[in-house]
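Engineer: From the sequence below, what's the structure:
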Amino acid sequence: MIVWSYTNWITMKSALVLGAGGFIGHHLSKRLKDEGFFVRGADLKLPSYEQSYCDEFLLMDLTNPLSCKQAIDKQYDEIYQLAADMGGAGYIFSGDNDAQVMHNSASINLNVAHSCTESGNQSVFYSSSACIYPEHNQLDPLNPNCEEKTAYPANPDSEYGWEKLFSERLYLSYNRNFNSNHKIARYHNIFGPLGAWNNGKEKSPAAICRKIAMAKNGGSIEIWGDGSQTRSFLFIDECLEGTLRLYRSDFIGPYNIGSDEMISINDFVDLVADIAGKTIKKVHVPGPLGVMGRNSDNRLIYKDLHWKPTSSLRSGVEDLYQWIESQVFAGNHDSK
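Structural biologist: Numbering: from 1, shown residues only. As a prediction, the model looks like this:
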């Protein structure tokens, strides 16, 4: 179903964003439009918080091979494959959604790889995830190992991670067998405004910002686990810059795209509370945690592409908190 179509794409450089209704896809569509691309987006849903910047938006289920073929029916200058069945820890690690996550995401990637080959599109950017890294390398919250070469022997801690690793191998096999030039990045906890924040699929930065925005000064919020688990979080603008630099380079990957500014969940709560100007007590409760430690190792991408994030964690969290606070005060609700 074509929701809208504006510009004659033949006269402009063209980009296809699969997953354009999602958080990263929506921001990427805007960045590409700002660069002068004609942008076609495709997804199950439209963006939740503002109108899409795409010139053309196909509302479709990319797990359906015929829909995918319709989206990839011509040659594009750039194709970004961000579509996936995903969410935060509460969605990924509950175990209740494992079959759905693996079936939907694997189906999309199988369809995309095949349709690109059939249509003569030789290069796709594929967004993999830090969730592919072995659980045994992320047990120490103070010393996780997420260097690219440590992905094998494989032991991801979730079915989501296993599917991402499978799809990395899928695109690399098309590179070998069909002379394709697909690029792969492993995203590390991308955050920012205009993403899920209270629908059960939100990730920890948005969830913590929401809880603190809704809490009274001197109040308390619940935190899953003891809060010692560590993560690094990358602001969306930095993610887009790393993505475009990799895709437009001569390198294939996989490369980490993330921040190496690691922080514990307890300290992240304190950071958000400070931004909010509130005193917040932490109540630690059982809940899905994922690995105990995760931090982006950026040595390889810096060596090859001379790129690393430049903004601080605090500056990005300030933007996210301001946006989520505005959603809370306005009485808005996240869409599923």
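Engineer: contacting residues around the lengthiest helix in the chain?
Structural biologist: Of all segments of type helix in the chain, defined using DSSP state H, the longest is helix 98-119. Helix 98-119 is contacted by residues 18, 62-65, 68-69, 71-75, 79, 81, 83-86, 92, 121-122, 124, 126, 158-160, 162-164, 166-167, 170-171, 174, 178, 180, 182 when judged by Cβ atoms under 8 Å, 6 or more residues apart in numbering. The C-beta positions use only the backbone N, C-alpha and C, and glycine is treated the same way.
Engineer: Kindly report the same for stretch 62-79.
Structural biologist: 13-16, 18, 32, 37, 40, 42-44, 58, 60-61, 83, 103-104, 107-108, 111-112, 114-116, 118-121, 123-125, 247.
Engineer: Now with 7 Å, please.
Structural biologist: Here stretch 62-79 makes contact (Cβ atoms under 7 Å, 6 or more residues apart in numbering) with 13-16, 18, 42, 58, 60-61, 83, 104, 107-108, 111-112, 115-116, 119-121, 123-125, 247.
Engineer: Show me where the stretch 201-336 of the chain has its strands.
Structural biologist: Applying DSSP state E, counting those that start in this stretch to the stretch 201-336 of the chain gives strands spanning 220-224, 230-231, 234-235, 255-257, 263-264, 281-285.
Engineer: Now I184: which helix or strand?
Structural biologist: Under DSSP states H and E, the secondary-structure element containing I184 is strand 183-187.
Engineer: Note down every partner strand of that strand and its orientation.
Structural biologist: In the sheet containing strand 183-187, its partner strands are strand 125-129 (parallel), strand 255-257 (parallel), by DSSP bridges.
Engineer: Okay, buried residues for the shortest one please.
Structural biologist: For strand 255-257, the buried set under the neighbour-count rule, 16 or more other Cβ atoms under 10 Å, comprises Y255, N256, I257.
Engineer: Next, count neighbours for the spatially closest residue to the last one that is not a sequence neighbour.
Structural biologist: Nearest non-adjacent residue to I257, counting by Cβ to Cβ, 6 or more residues apart in numbering: G242, 4.1 Å away. A total of 24 residues lie near G242 under the criterion other Cβ atoms under 10 Å.
Engineer: how near is G242 to I24?
Structural biologist: Using Cβ to Cβ, to the nearest Å, one gets 12 Å for the distance from G242 to I24.
Engineer: What of C146?
Structural biologist: As for C146, its distance to I24 is 19 Å (criterion: Cβ to Cβ).
Engineer: can you list the domains in the protein?
Structural biologist: If the domains of the chain are taken from automatic domain parsing, they occupy 2-190+233-257, 191-232+261-294+312-330, with pieces of a single domain joined by a plus sign.
Engineer: quick one: average confidence on the last one?
Structural biologist: Model confidence over domain 191-232+261-294+312-330 averages 96 on the pLDDT scale.
Engineer: Quote the end-to-end distance of that domain.
Structural biologist: This stretch, domain 191-232+261-294+312-330, spans 21 Å end to end (Cα to Cα, to the nearest Å).
Engineer: Just checking the distance from that domain to the centre of its chain.
Structural biologist: Chain-centre distance of domain 191-232+261-294+312-330: 17 Å, with Cα atoms, centre = their mean, to the nearest Å.
Engineer: Which residue ranges of the stretch 201-336 of the chain form helices?
Structural biologist: Along the stretch 201-336 of the chain, the segments classed as helices by DSSP state H, counting those that start in this stretch run 204-214, 236-247, 265-276, 299-305, 313-330.
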